[in-house]
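>>> I need the structure of the sequence given here:
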Amino acid sequence: MIKPTRKPYGYRELLVYKKAEELQWDCVGLTHQFPRTKTLVALADQMDRSARSVKQNIVEGWKRNSSKEYYDFLGFSMGANSELEEDCDDIWKGMYPELVGLKGIMGERGGTGKMEEREVGGTGHRSSVRMDIESLPFYPLDPHLPAVVCLKLRCKELNFLFDRLQKSLLTKMESEQTLSAADKFQRIKRQEHGDKKIEQELLNRYSLKRLENGQVVKVE
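Numbers count the residues shown, from 1 in each chain. So this is what the prediction gives:
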């Protein structure tokens, strides 16, 4: 089914596009600080390509003639975004020794992302603890975090926005009756996965568990 005529540059009004543009700027700002070794030049090029692909696929999808094509190109953006996030994780874990200790990338104290120093209970003493970046909120973004962590969090935010946009497109395709059987199946599976995740979060919150027979009981 042909989509109604859209504004040719309407994608620029999308939050997901604006966030992808910010991601690309932040990525370039990060990778331009990499030492010019063979490995890091290749890594910087790949990360820049991934960040560009995130934004460009939004544009190309917007220009396509069907909701299905738009949906598919958002999937390409998501893939590139996930690849970039994985590179950020690798850097933070210290997989690239040349980047360890670079303040503009790893934070004010440099080092690796495996451990950081924090004050213990207001005592004035500091202790090395592991920084769990997976638990950090992507909104509002804390600009004081290390640059590579900020870039990762921008990736996480985009994952959230892409997921929400794709869900809205699935609903649209369903109303247009252009949703394939495979897509319908995938939508059902995603809904089931989401329901299970919500249920598990509630069980954990109230110290409950579900037995094999389906009964919910208190965790002892």
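
>>> now do the strands in this structure.
Remark: strands assigned in the chain by DSSP state E are 116-119, 126-129, 208-210, 216-218.

>>> out of the ones you listed, which gets the lowest mean score?
In terms of mean pLDDT, the lowest-scoring of these is strand 126-129 (a mean of 39).

>>> quick one, domains of this protein?
Domain assignment of the chain by automatic domain parsing yields the ranges 10-178, 180-220.

>>> let me have those in TSV, extended by mean neighbour count.
Using the backbone N, CA and C atoms, a C-beta is placed for each residue, glycine as well. What follows is those, written out as TSV (neighbours: other Cβ atoms under 10 Å):
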stretch	mean neighbour count
domain 10-178	16
domain 180-220	10
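
>>> excluding chain neighbours, give the residue nearest to the residue nearest the centre of the chain in space.
Nearest to the mean C-alpha position of the chain, by Cα atoms, centre = their mean, lies residue 156 at 2.4 Å. Leaving aside its sequence neighbours, residue 156 sits nearest to residue 138 (Cβ to Cβ, 6 or more residues apart in numbering; 4.5 Å).

>>> mind checking how far the one you found is from residue 8?
Per Cβ to Cβ, to the nearest Å, residue 138 is found 30 Å from residue 8.

>>> by mean pLDDT, point me to the weakest helix or strand of this structure.
Every helix and strand in the chain was compared by mean pLDDT, DSSP states H and E; the lowest is strand 126-129, with a mean of 39.

>>> quick one: pLDDT of the nearest residue to residue 37 once chain neighbours are set aside?
The shortest distance from residue 37 to any non-neighbouring residue, by Cβ to Cβ, 6+ apart, is to residue 98 (5.7 Å). pLDDT, residue 98: 94.

>>> for residue 62, see how far away residue 98 is.
39 Å.

>>> just to check, the residue nearest to residue 37 is in contact with residue 41?
No: Residue 98 is not in contact with residue 41 according to Cβ atoms under 8 Å; the separation is 10.8 Å.

>>> between the two, which contacts overlap?
Jointly contacting residue 98 and residue 41 under the rule Cβ atoms under 8 Å, 6 or more residues apart in numbering are residue 34.
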